[in-house]
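1. the sequence isn't on hand, but the structure is:
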Ligand SMILES: Nc1ncnc2c1ncn2[C@@H]1O[C@H](COP(=O)(O)OP(=O)(O)OP(=O)(O)O)[C@@H](O)[C@H]1O
């Protein structure tokens with residue numbers, strides 16, 4: 001991708017365009033909690049008007065003091081002021097000022113409090129949406145690197161605090177304060193406001209410019225950052241610690257991390273340095289303008305056009321306004337920058353899955369009568385040049401156990417993914433009971449298939465939940481979980497755990513007990529049984545099991561799946577031979593098929609592979 005030029009006017013255009021993201025964002029905040037949002041708006045509105053009210057009461061106090069001390073024969077003792085009641089008005093003004101100050105403090109605290117609650121609510125509601133949406137997307141989408149970058153940026157939006165929420169709210173509040181102060185200033189002299197604007201516009205431009213540059217830097221570096229985070233993770237995660245130590249990978253990982261991080265740091269620093277110099281200059285310009293206005297106010301007070309109270313009110317207003325408008329412009333530019341990040345979030349939410357159920361999707365037949373048929377199926381992974389499978393035709397009859405054998409990369413797992421419609425064939429079609437798989441309801445299809453992939457997930461949860469994951473709505477059905485565990489020989493694993501089924505497994509959390517590869521695999525197989533689906537698929541589920549366990553697991557699999565349609569992938573011929581039929585795959589095609597005995601007689605690839613393995617055991 002061409003490197004975008006940071007000072008490109010298009011960047012500004014993009015930035016302004018990103019402000020269109022703010023209204024839907026406000027809608028998201030509202031959706032996260034209408035009650036809290038209303039309270040927040042009300043509190044901010046009150047808080048927005050207190051500064052001008054306080055300054056105005058301050059002016060009244062000074063004018064009153066000046067009036068009182070100018071009175072002929074005013075009391076000289078403090079006590080006499082109270083006794084005569086001459087200072088009553090002043091007293092009320094001071095009480096009003098105090099009440100405003102106390103109220104403002106309390107409201108400030110309440111704003112912080114509601115702000116943090118609202119942040120949490122928003123993070124929760126966005127994270128839930130993110131997880132829901134991610135689960136709807138195609139597997140192919142997840143394997144796309146550009147999507148990964150976008151997801152990474154979107155995820156960052158929902159992690160921890162969402163700065164833009166506070167910024168938007170503060171922006172609204174400050175705008176109301178500015179309007180209230182501005183109205184006061186204009187009443188005295190409209191030119192004062194103009195002077196302020198002249199002082200601030202260059203500073204605003206500067207902020208916009210540098211924020212754009214920083215955003216573009218972050219945007220360009222999303223892929224690097226993912227790599228950097230990945231390196232940091234494998235360099236310090238428990239899962240990889242063993243291998244990193246043995247292979248002495250630490251310095252390699254650390255150096256690579258350091259290189260990437262350093263590059264990012266240097267680019268960041270270059271922008272920040274320029275920002276420092278330019279912004280220092282522009283801010284000084286603002287200060288000069290402020291003091292010109294101050295001189296004008298002092299002059300008018302000396303000539304008697306303005307009172308002392310007016311002087312304090314105006315100089316106070318001017319000072320506050322300057323700070324406020326500066327802050328407003330800066331945070332406006334920040335907000336526009338943050339709104340650009342929202343783009344990533346919205347783009348992620350706009351991503352639609354391509355694999356979906358059609359409008360009149362059929363339910364999966366129960367029971368399946370004929371089974372599946374691959375008709376000249378070809379499939380290429382997105383962006384891949386090579387066909388993973390091509391010209392693939394075979395049948396998987398209802399109630400039959402078929403084993404797939406073939407060398408690494410022959411296309412076995414790809415067939416499973418196509419069967420579960422995690423991908424669609426690029427050419428040809430897959431039929432179920434004579435109808436295209438695409439005619440059926442997707443959820444129903446997935447519910448009818450129990451698959452355990454070779455890279456099954458090791459959930460850092462309890463042993464019971466690891467099994468229940470196969471059918472999560474039966475999570476509370478302990479009998480069913482135990483039954484599934486027994487079928488998969490996982491009951492023996494669980495019997496050894498200190499807390500049995502309720503034992504936390506995996507090392508990620510405290511109290512977790514780590515399992516061996518084979519023990520994890522038994523839990524995963526139990527997950528498939530938990531499902532009790534019509535079609536059972538095990539993709540190399542026994543690779544980590546010892547010989548006896550594997551034999552037993554398959555014996556059971558065969559007995560239990562006698563009424564089911566089952567697909568089994570294994571590199572071990574001792575297991576494969578139990579299948580009703582074996583398909584030998586080579587380069588994404590069925591090279592031969594038959595029973596173990598038939599294939600041995602054919603004297604082909606199967607026999608060759610079988611002999612090779614058998615030799616190893618002699
Ligand atoms: N996500 C993917 N993106 C691109 N290509 C892929 C992807 N997954 C697999 N492939 C390619 O598709 C081909 C078939 O892979 P597949 O995983 O189906 O093989 P397999 O027979 O299951 O291998 P193994 O015995 O090693 O598990 C391989 O050439 C592989 O490189």
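-> Good, I have the coordinates. This one's a predicted model, so the numbers in the text were calculated from it and none came from an experiment.
2. okay, strands next: where are they in the stretch 451-600 of the chain?
-> With strands called from DSSP state E, counting those that start in this stretch, the stretch 451-600 of the chain shows them at 535-539, 565-569, 581-586, 589-594.
3. pLDDT on the third one, on average?
-> Think strand 581-586. In this model, strand 581-586 carries a mean pLDDT of 92.
4. ok, back up a step: take the strands of the stretch 451-600 of the chain and lay them out in CSV including mean neighbour count.
-> C-beta coordinates here come from the backbone N, C-alpha and C atoms, glycine included. Compiled in CSV, those are given as follows (neighbours: other CB atoms under 10 Å):
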stretch, mean neighbour count
strand 535-539, 24
strand 565-569, 24
strand 581-586, 22
strand 589-594, 17
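5. out of the ones you listed, flag the one nearest residue 173.
-> Relative to residue 173, the nearest member of these by CB to CB is strand 535-539, separated by 57.0 Å.
6. how about the nearest residue to residue 188, chain neighbours excluded?
-> Closest residue in space to residue 188, ignoring its immediate chain neighbours: residue 314 at 6.1 Å, by CB to CB, 6 or more residues apart in numbering.
7. ok, the residue of the stretch 1-150 of the chain found nearest the ligand - contacts?
-> Nearest residue of the stretch 1-150 of the chain to the ligand (CB to the nearest ligand atom) works out as residue 143 at 5.0 Å. Residue 143 sits next to 381-382 when contact means CB atoms under 8 Å, 6 or more residues apart in numbering.
8. buried residues in stretch 525-538?
-> 525-538 (16 or more other CB atoms under 10 Å).
9. ok, back up a step: any chance of CSV for the strands of the stretch 451-600 of the chain, columns distance to the ligand?
-> Shown next, in CSV, are the strands of the stretch 451-600 of the chain (distance: least, CB to the nearest ligand atom, whole Å):
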stretch, distance to the ligand
strand 535-539, 7
strand 565-569, 7
strand 581-586, 7
strand 589-594, 12
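10. dump the ones you listed to CSV, plus distance to residue 575.
-> Converted to CSV, these look like this (distance: least, CB to CB, whole Å):
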stretch, distance to residue 575
strand 535-539, 9
strand 565-569, 7
strand 581-586, 11
strand 589-594, 17
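11. quick check: pLDDT value at the residue of the stretch 1-150 of the chain closest to the ligand.
-> So, for residue 143, pLDDT stands at 77.
12. what do you get for residue 355?
-> Per-residue pLDDT puts residue 355 at 85.
13. tell me the SS of it?
-> What DSSP: H, G, I helix; E, B strand; the rest coil gives for residue 355 is coil.
14. hang on, the earlier thing: going by distance to residue 283, which of the buried residues of stretch 525-538 wins?
-> Using CB to CB, the buried residues of stretch 525-538 come closest to residue 283 at residue 527, 62.0 Å.
15. so which of the buried residues of stretch 525-538 sit within helices?
-> 525-531 (DSSP state H).
16. just those residues: which has the poorest pLDDT?
-> For these, the pLDDT minimum is residue 531, 83.
17. so who does the residue nearest to residue 188 touch?
-> Residue 314 makes contact with 185, 188, 192, 297, 306, according to CB under 8 Å, 6+ apart.
18. alongside the ligand, which residues does the stretch 101-250 of the chain contribute?
-> Selection of the stretch 101-250 of the chain residues close to the ligand by CB under 6 Å from any ligand atom yields residue 143.
19. hmm, back to that, got a winner among the contacts of residue 314 for most neighbours?
-> Scoring the contacts of residue 314 on neighbours with other CB atoms under 10 Å, the highest-scoring entry is residue 297 at 22 neighbours.
20. for the nearest residue to that one once chain neighbours are set aside, give its distance to residue 296.
-> Leaving out its chain neighbours, the residue that sits closest to residue 297 by CB to CB, 6+ apart is residue 314, at 4.9 Å. Remark: distance between residue 314 and residue 296 (CB to CB, to the nearest Å) = 9 Å.
21. find the residues that touch each one of the two.
-> Counting by CB under 8 Å, 6+ apart, the contacts common to residue 314 and residue 296 are residue 192.
22. ok, residue 54 touching residue 104?
-> Yes - the pair residue 54 / residue 104 is scored as a contact, 7.2 Å apart, by CB atoms under 8 Å.
23. pLDDT-wise, what's the bottom of the contacts of residue 314?
-> The lowest pLDDT within those belongs to residue 192, with 78.
24. that older thread, tell me which of the strands of the stretch 451-600 of the chain lies nearest to residue 26.
-> The nearest among these, by CB to CB, is strand 535-539 at 46.8 Å.
25. for the closest one, give me every contacting residue.
-> The contact list for strand 535-539 (CB under 8 Å, 6+ apart) reads 368, 412-413, 416, 419-420, 448-454, 525, 528, 557, 561, 564-570.
26. repeat that for 7 Å
-> 413, 416, 448-454, 525, 528, 561, 564-569 (CB atoms under 7 Å, 6 or more residues apart in numbering).
27. cool, and stretch 365-379?
-> Contact partners of stretch 365-379, identified using CB under 7 Å, 6+ apart, comprise 387-398, 400, 414, 418-419, 423, 425-434, 534, 565.
28. where's residue 390, which helix or strand?
-> Element membership for residue 390 (DSSP states H and E) is strand 389-397.
29. what about the nearest residue to residue 413 once chain neighbours are set aside, distance to residue 116?
-> Of all residues not flanking residue 413 in the chain, residue 539 sits nearest, at 5.7 Å (CB to CB, 6+ apart). Distance from residue 539 to residue 116, counting by CB to CB: 46 Å.
30. please apply the same query to residue 395.
-> From residue 395 to residue 116 the distance is 60 Å (CB to CB).
31. between the two, which one's more packed in?
-> residue 395 (17 against 12).
32. please name the residues that touch the more buried one.
-> Contacts for residue 395 (CB under 7 Å, 6+ apart) come out as 371-373.
33. mind checking which of those residues land in strands?
-> 371-373 (DSSP state E).
34. quick one: name the residues of the protein near the ligand.
-> Residues of the chain lying near the ligand by CB under 6 Å from any ligand atom: 143, 381, 384, 388, 406, 408-414.
35. can you give me the helices for the stretch 301-450 of the chain?
-> Per DSSP state H, counting those that start in this stretch, the stretch 301-450 of the chain carries helices over the ranges 308-350, 412-419, 442-448.
36. ranking those by burial, who's on top?
-> Comparing the helices of the stretch 301-450 of the chain by mean neighbour count (mean count of other CB atoms under 10 Å), helix 412-419 comes out on top with a mean of 22.
37. okay, now the domains of this structure?
-> For the chain, automatic domain parsing gives the domain ranges 9-350, 371-617.
38. now render these as CSV, adding distance to residue 357.
-> CSV is the format used below for the domains of the chain (distance: least, CB to CB, whole Å):
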stretch, distance to residue 357
domain 9-350, 11
domain 371-617, 4
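39. weakest of those domains in terms of mean pLDDT?
-> With a mean of 84, domain 9-350 has the lowest mean pLDDT of those.
40. relative to residue 306, how far out is the residue in the stretch 151-300 of the chain positioned nearest to the ligand?
-> In the stretch 151-300 of the chain, the residue found nearest to the ligand is residue 151; the distance is 16.4 Å by CB to the nearest ligand atom. According to CB to CB, residue 151 stands 60 Å off from residue 306.
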